[in-house]
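A.B. asks: sequence and predicted structure are below.
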Amino acid sequence: MTPIEIYKELPKTNCGQCAEKTCMALAILISKGSKTIDACPYLSKETVERLSGSIKTVDVTETILENLRVETEKINLEAAAAAIGAQIVENGIKIRCMGADYIIEKTGSIKTNAPVNVWINILLLIYVKMGSGLKDHQLSDAPIRWVSFDELKSGSMKTNSYKKESEIPLTTMFENDYTLTVDALMRIGAERYSDQPSDDAWIVYLLPKIPVLILYWKGDGEFPAAVKVLFPHDTDTFMDVESIIFLMRETVIALKEL
């Protein structure tokens, strides 16, 4: 059933007793599988039983991953390897991501010894797809020119979302346990980076062509602690800004779990 079809079965009172602001919001969540039809307290038992068998949810992430896998199957991975910093291996390429190795096979399938994470797999295939389309003149061996997220293409329009998923939680992690956070960074391959205006700085390669420079100011009585993450100026040629936000979100999650 579509959200509209589900909505038609709801009371349309927007009472909020299901914890959602509107009946339409609830209908959308039910269609995605995030909530079940019995979340509405006003539906009869007979209606719940009737609708439960009709609602088929779709895992959006799995659909995205499958579409990317099909697109990857059309890419010459060996030809793309140099552009994206991958290593050619039997039946595909190897990419290092956040301290773990991933094998991208010619079929678009991904193998790794790291814990399976559908979002990391999606981000890897987006990286391969975008990087494989780069021309020689778009690639450079020049020293990295670091820029803030809002300087990337369309980054200024996504700054609030980016900070919420990246710099704000990282700042909180450093404030809560500086030593543990630094240890977690080192475990995903971070190295200290000198001659920066911050109190501490680390460079970590989230993907071969997407290193990030993490700057940390400890704060004092006058200024609060703060984190600033910088990117190579050409990062948006390897990954769109929405995907960069997800990459940083997954980085924060990984650091918390280490």
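C.D. replies: Structure received.

A.B. asks: so how far is I37 from the residue sitting furthest away from the middle of the chain?
C.D. replies: Most distant residue from the mean C-alpha position of the chain: E46, 40.9 Å away (C-alpha atoms, centre = their mean). According to C-beta to C-beta, to the nearest Å, E46 and I37 sit 12 Å apart. C-beta: built from backbone N, CA, C; applies to glycine.

A.B. asks: which residues of the stretch 51-200 of the chain fall in helices?
C.D. replies: 60-72, 77-84, 118-132, 159-165, 167-176, 178-187 (DSSP state H, counting those that start in this stretch).

A.B. asks: and those, which is most packed in?
C.D. replies: Burial among the helices of the stretch 51-200 of the chain, expressed as mean neighbours by mean count of other C-beta atoms under 10 Å, is greatest for helix 118-132, which shows a mean of 21.

A.B. asks: between that helix and helix 60-72, how big is the angle?
C.D. replies: Relative orientation of helix 118-132 and helix 60-72, computed by axes from the mean of the first three to the mean of the last three C-alpha atoms, to 10 degrees: 30 degrees.

A.B. asks: number the residues from 49 up from this point.
C.D. replies: I'll keep to 49 as the first residue from here, and by that count the last item is helix 166-180.

A.B. asks: pLDDT of helix 166-180, averaged?
C.D. replies: For helix 166-180, mean pLDDT is 95.

A.B. asks: one more: stretch 212-228?
C.D. replies: 96.

A.B. asks: output it as CSV, restricted to C-alpha atoms.
C.D. replies: What follows is stretch 212-228 as a C-alpha-only set of coordinates in CSV (Å, rounded to 0.1, in the frame of the first residue of the first chain):
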residue,chain,number,x,y,z
LYS,A,212,24.9,18.3,13.0
GLU,A,213,26.3,15.0,11.7
SER,A,214,30.0,15.9,11.9
GLU,A,215,31.6,18.8,13.8
ILE,A,216,29.1,19.0,16.6
PRO,A,217,29.2,15.4,17.7
LEU,A,218,33.0,15.2,17.3
THR,A,219,33.3,18.2,19.6
THR,A,220,31.1,16.5,22.2
MET,A,221,33.2,13.3,21.9
PHE,A,222,36.5,15.2,22.6
GLU,A,223,34.9,17.1,25.5
ASN,A,224,33.6,13.9,27.0
ASP,A,225,36.7,11.8,26.7
TYR,A,226,39.7,13.3,24.8
THR,A,227,42.0,10.3,25.2
LEU,A,228,39.4,7.8,24.1
